[in-house]
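> Sequence and predicted structure, then a few things I'm wondering about:
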Amino acid sequence: MSWTYTQVFDATTIGLRNKIRLFAQENNSVRQQVTDEEIDFVLGEEANVYMAAARVAELVAGRVGAVASKRVGSLSITYGSQYYSQLAASLRARGSLYQVPTAGGLSKSEKLAEQQDTDRVKPQFEIGMQDIPGTGDVQSPVLMRVEP
């Protein structure tokens, strides 16, 4: 299990891991809560770095417990799971702004591949399903065929 953090924030795995650590405030080498391997796993599960950072903040919240504090002379710092839970909610809200909606069946090759898939569920509705043979140019009530 490894823990690394550098000032590299590019699109490489290391750069993305550093962004997640920065956003989730898991970049202090003294308080190593989440390993590189865990961050890499979360990065593969979530849609973007903000959602991944939110998941990491949730992991830290679960591991920190109720309250943790440190005192050195007159200086003290206290952090608890509630802070990381609120941070996770904030990161999730930001990450939701970067979600990209998708729509299927927009390209001819995608439609053709779907029609040729022998394991797909037959659609309930088809183009031409209510056409009456002999009443128009439609020859049979079958699925629309897309030529490549």
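The structure has been received and is ready for your questions.
> Quick check: residue 2 vs residue 36, distance?
According to C-beta to C-beta, to the nearest Å, residue 2 stands 5 Å off from residue 36. C-betas here are computed from N, CA, C, even on glycine.
> Compare neighbour counts for these two and give me the winner.
A count of neighbours by other C-beta atoms under 10 Å puts residue 36 above the other of residue 2 and residue 36, at 16 against 7.
> so what's the backbone phi/psi at that one?
The phi and psi values for residue 36, taken as degrees, to the nearest 10, are phi -60, psi -40.
> Is it correct that residue 99 is in contact with residue 46?
No - in this structure residue 99 lies outside contact range of residue 46 using C-beta atoms under 8 Å: 10.8 Å.
> How is the protein partitioned into domains?
Structurally, the chain divides into domains by automatic domain parsing as follows: 13-96, 104-148.
> quick one, what contacts the nearest residue to residue 7 once chain neighbours are set aside?
Take residue 7 and drop its neighbours on the chain: the residue closest to it by C-beta to C-beta, 6 or more residues apart in numbering is residue 18, 7.3 Å away. Contacts for residue 18 were tallied using C-beta atoms under 8 Å, 6 or more residues apart in numbering; they are 5, 6, 7, 8, 9, 27.
> Tell me which two of the residues you listed sit farthest apart.
By the measure C-beta to C-beta, 8 and 27 form the most distant pair in the contacts of residue 18, at 12.2 Å.
> Which one's more surrounded, these two?
residue 27 (16 against 13).
> The more buried one against residue 5, yeah?
Yes - using C-beta under 8 Å, residue 27 is in contact with residue 5, at 4.8 Å.
> Which helix or strand in the protein has the lowest average pLDDT?
Across the helices and strands of the chain, mean confidence by mean pLDDT, DSSP states H and E is lowest for strand 67-72: a mean of 74.
> just checking, next helix/strand downstream of that strand?
Later in the chain than strand 67-72, the nearest helix or strand by DSSP states H and E is strand 75-80.
> who touches the residue nearest the centre of the chain in this structure?
The chain has residue 47 as the residue nearest its centroid, 1.8 Å off, counting by C-alpha atoms, centre = their mean. Residue 47 makes contact with 95, 98, 99 under the criterion C-beta under 8 Å, 6+ apart.
> Fine by me, thanks again.
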